[in-house]
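> Predicted model and sequence follow; I will ask about them next.
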Amino acid sequence: MEKLILYIIIVLLTVKNISAQTDTSSIKVSDLVKAYNAATTDQEKMDYCFQIARLSYNNDSVMQFSQKAQIYAEKLGRLDIIARCYIYMGKVYFIKHDYDSAILIYEKASMLAKDVGERKVLARAFFEMGNCYIMRNNQRAALPLYKAAINTYADMDDSLHIAEVLCQVGTNCWMIGLTDAAKENFEAALEIDRNLSDNVAKARDYSCLANIYAPNFDDAIENLSWEDIDKAQKYADSIPMVLKKERRTVWVNNIYNTYYMSKAQINLLYYKKSGQENQEYLNEAEVYNNLFFQSSNGMGHYENRVLADILNAEIFLFKGQTKEAITKIEHLKDKISDIVWLKNVALVYKTAAEIYASIGDYKKAYNDYNIYVRYKNQYTAVMSKNADFRSDFRTGMEISRLKDENLREISQRDSTKKVILWILAGTLLAVLLVSFSLQRSRKNAKILSENNNRLSQQQQEILAQRNVIDQQRAAVEKANVEIYQSINYAKHIQQAALPSDEVVKNIFPDSFVYYMPKDIVSGDFYYVTQNSGYNIFVLADCTGHGVPGGFLSMLGISAIKDLLKNPEIDILPGIMLDMMREYIKSALANDAFYLESMNTSDGDESFSTADGMDMSICAIDVYNYKMRFAGAYQSAYIVRDGEIIRLKGDRMPIGRHINEKPNFTTLYFDTEPGDMIYMQSDGIESQISVTGTKFMTKRLRQFFLDNYQKPCQEQKENIAQIMDDWIFGTIQVDDLSMAGIRIS
């Protein structure tokens, strides 16, 4: 399984040098999106879309902005940009395992690159197509593409990318059992990269070597070499050393992900090899495996999470926690259809057999072992199809001519002799062929004619099929752009429904609103107004985010506006929430669906099915410093003289709920000048970092204490920076909203 993980990591790493663009690693994607929205010319829009696609970590964003950049590039006649956009689109298809679509779009990129003379994009297209064919277990189709990529890079004297291809060929050799050839390729890549200044490339090479010297899970423990495990340890420990000054970009995070995997495996191997006596090795394996799982989860690497779970099951077994080991491995067996590679499936059942055998349940162990053998045989059969092709991978290492000047010199000295020999042999062969052809000319002419006709017919069929595919692809791409444009227009409608900064400042002069949607449209909304001598602030978090959340938010904004514009309404936030609940339940009435959902809740008493929203309403009497508050699954925090006071809302939403109470509670609080009031959605506390850690309430409260005395604008900038840093290297999981109000 670690072979698959390493393969995917290497493929992800190679996309970072597609084009010789200016380094923009310090630019935030969110800033580029804002700049794109403000752009006025097609040139500016194309540039921003292209950079967003190049820097974004989100596959959907990469696809959307690549397609938009392609449209602007077509208007401007920039075929070079279109070719690069095809490369980015192909990478998304690759990550989603749609290898046929990836190959088609890489072919488009290669044809355009040839037309405009973009040799670097051409080489990348060859390389990526080779990767796709490898994932389809078609090494025969992959090798000539790798050779073409190598030759193109060699013509440009591009050593960095030659080393990347060497790493890829090495991984392919490893996957079909050519361990020695794999080591040669990895070490050749490292030799090249040591002379370059790219620390990320060197770390990638160390990662490859660490994994190949740490033996495969299928290797018997008695066959493991202490020397190889020590080498794996040495290479793995070199990774953080060369990366210590590198910024944590997506590429660096991928290498750290592989590093955690290697360290977990190596420590587990040390533990097994030492007779399971040194508990420190097992503890270290557990620490690194937790980091590996958190990192994989943060980056959305499903296959990596599978490997982490298998390692976790093994660690549980060695620690004597058999119940936890069984739970973990049975969970993997339940999800077996989601695992991509046969070898990985086989490994799950092999581990399950070992666990059940250790507790004496030999019937289950026997059944799982038989399933393991069946999947392993299937995997072996797939690999054996390429057995006669293994020598071609070694032939593919003609790449070594690029680093072996002596071979080149010998070739030059012998070139004249070889030319003479070839001329003599060719003359003799020509005489024989002419004599033979005179006898067979009529028959050959007939065969040639038939073959040409058949080939012409096949070419016409292929062209017709390709035209249909291109038309379908164009229709899908056009539909995607139209959908994006529609959603973007919905964003403008939603923003127009929210109160402007000027309106907020007029009612709450000393305040701030931090509002960061996860997607183009948001499921969070806020509203401010004045009524009956009270300044009122409403903050809500609707079910879901994106388009579904956007629909609910518009419903909520409309309802709260209608409710609060009534001058005769009692300014009691609890009653307002009651009225909002009845409105939402009425607007989303679907009792049949609700009852069906309740009947399928499997007895979970906390189950809640209806769509709705969390909401808090804060009403401040500006003359008497009195505050009224009510919350639906939300709370308010007041910070005074370094102390935090929490006004806790009711534990039920605006909508249907199994534990619904008749009324929401209105809380009363006497404020003082200088008090800082905070309201926020749960997106901030539930946001995970690249390590998989949630932000949680503890960090939120610390932010309140560190910032409540600062100007509100500075507080807004600080929470924005804190969340940007927390999200960096992973994805935003929910809409983020916070409001701060100072009593003055």
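Alright, I've got the coordinates. Residues are numbered from 1 along each chain as shown.

> Could you export the host helix or strand of residue 148 as PDB, CA atoms only?
Taking DSSP states H and E as the definition, residue 148 sits inside helix 139-155. Presented in PDB, the C-alpha positions along helix 139-155 are these (Å, rounded to 0.1, in the frame of the first residue of the first chain):
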ATOM      1  CA  GLN A 139       3.000   0.100 -18.400                       C
ATOM      2  CA  ARG A 140       3.500  -0.600 -22.100                       C
ATOM      3  CA  ALA A 141       1.800   2.600 -23.000                       C
ATOM      4  CA  ALA A 142       3.400   4.600 -20.200                       C
ATOM      5  CA  LEU A 143       7.100   4.000 -21.000                       C
ATOM      6  CA  PRO A 144       7.300   5.800 -24.500                       C
ATOM      7  CA  LEU A 145       5.500   8.800 -22.900                       C
ATOM      8  CA  TYR A 146       8.100   8.900 -20.100                       C
ATOM      9  CA  LYS A 147      10.900   8.600 -22.700                       C
ATOM     10  CA  ALA A 148       9.300  11.500 -24.700                       C
ATOM     11  CA  ALA A 149       9.200  13.600 -21.600                       C
ATOM     12  CA  ILE A 150      12.800  12.900 -20.800                       C
ATOM     13  CA  ASN A 151      14.000  13.700 -24.300                       C
ATOM     14  CA  THR A 152      12.000  17.000 -24.300                       C
ATOM     15  CA  TYR A 153      13.400  18.000 -20.900                       C
ATOM     16  CA  ALA A 154      16.900  17.000 -22.000                       C
ATOM     17  CA  ASP A 155      16.700  19.300 -25.100                       C
END
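
> Give the next helix or strand downstream of it.
For helix 139-155, the following helix or strand on the C-terminal side (DSSP H and E) is helix 159-175.

> Figure out how far that following helix is from the centre of its chain.
Relative to its chain's centre, helix 159-175 lies at 23 Å (Cα atoms, centre = their mean, to the nearest Å).

> Ok, stretch 267-276 next?
Counting by Cα atoms, centre = their mean, stretch 267-276 is centred 33 Å from the centre of its parent chain.

> do stretch 46-65 as well
Worked out by Cα atoms, centre = their mean, stretch 46-65 lies 13 Å from the chain centre.

> What of stretch 619-629?
The answer for stretch 619-629 is 46 Å, by Cα atoms, centre = their mean.

> Do me a favour and get the end-to-end distance for it?
Using Cα to Cα, to the nearest Å, the end-to-end distance of stretch 619-629 comes to 6 Å.

> outside of it, which residues touch it?
With contact meaning Cβ atoms under 8 Å, 6 or more residues apart in numbering, stretch 619-629 is reached by 533-537, 571-573, 616-618, 636, 647, 649, 666-673, 677, 741, 743. C-beta here means a position set from N, CA and C on the backbone, and glycine is covered the same way.

> residues of stretch 195-208 that come out buried?
For stretch 195-208, the neighbour count (16 or more other Cβ atoms under 10 Å) marks 198, 199, 200, 201, 202, 203, 204, 205, 206, 207, 208 as buried.

> wouldn't the third one be in contact with residue 256 here?
No. The criterion here is Cβ atoms under 8 Å, and residue 200 misses it with residue 256 at 10.9 Å.

> what's the overlap in contacts for the two?
Shared contacts of residue 200 and residue 256 (Cβ under 8 Å, 6+ apart): residue 243.

> What part of this protein, helix or strand, is modelled with the least confidence?
Ranking every helix and strand in the chain by mean pLDDT, DSSP states H and E puts helix 405-413 at the bottom, with a mean of 38.

> could you measure residue 346 against residue 99, distance?
Using Cβ to Cβ, to the nearest Å, we find residue 346 at a distance of 22 Å from residue 99.

> Same question for residue 722.
40 Å.

> And residue 378, by the same measure?
Applying Cβ to Cβ, the value for residue 378 to residue 99 is 19 Å.

> Output the contacting helices and strands for the helix holding residue 148.
helix 119-135, helix 159-175, helix 390-395 (3 or more Cβ pairs under 8 Å, 6 or more residues apart in numbering; DSSP states H and E).

> and with 6 Å instead?
Applying 3 or more Cβ pairs under 6 Å, 6 or more residues apart in numbering; DSSP states H and E, one finds that helix 139-155 makes contact with helix 119-135, helix 159-175.

> who wins for proximity to residue 580 among those helices?
helix 119-135 (51.1 Å; Cβ to Cβ).

> What is the neighbour count of residue 501?
Residues within reach of residue 501, counting by other Cβ atoms under 10 Å, total 11.

> Renumber starting at 810 from here on
OK, 810 is where the count begins now, so the last one is residue 1310.

> nearest spatial neighbour of it, skipping sequence neighbours?
Distances taken as Cβ to Cβ, 6 or more residues apart in numbering put residue 1322 closest to residue 1310, at 7.6 Å, once the chain neighbours are dropped.

> Sticking with that neighbour, tell me its helix or strand.
Assigned by DSSP H and E, residue 1322 falls within strand 1320-1325.

> C-terminal to that strand, what's the next element?
Next element after strand 1320-1325 (DSSP H and E): strand 1333-1340.

> so how far is that following strand from its chain's centroid?
36 Å.

> repeat for stretch 1134-1145
Computed by Cα atoms, centre = their mean, the separation of stretch 1134-1145 from the middle of its chain amounts to 24 Å.

> cool, stretch 897-915 as well?
How far stretch 897-915 lies from its chain's middle: 15 Å, per Cα atoms, centre = their mean.

> re earlier: among the buried residues of stretch 1004-1017, which are in helices?
Judged by DSSP state H, those include 1008, 1009, 1010, 1011, 1012, 1013, 1014, 1015, 1016, 1017 as members of helices.

> contacting residues for the third one?
When contacts are counted by Cβ atoms under 6 Å, 6 or more residues apart in numbering, residue 1010 touches residue 1002.

> Not counting stretch 1503-1515 itself, show me its contacts.
In contact with stretch 1503-1515 (Cβ under 6 Å, 6+ apart) are residues 1446, 1448, 1453, 1487, 1493, 1494, 1495, 1496, 1497, 1535.

> on that earlier part again, if we take the buried residues of stretch 1004-1017, which one ends up nearest to residue 1359?
residue 1009 (38.5 Å).

> gap between the closest one and residue 1064?
The gap separating residue 1009 from residue 1064 is 7 Å, by Cβ to Cβ.

> before we move on, what about residue 963?
Between residue 963 and residue 1064 the computed distance is 26 Å (Cβ to Cβ).

> where does residue 903 land in three-state SS?
helix (DSSP: H, G, I helix; E, B strand; the rest coil).

> Which strand or helix spans the nearest residue to it once chain neighbours are set aside?
Nearest residue to residue 903, sequence neighbours excluded (Cβ to Cβ, 6+ apart): residue 911, at 4.6 Å. Per DSSP H and E: residue 911 is located in helix 908-925.
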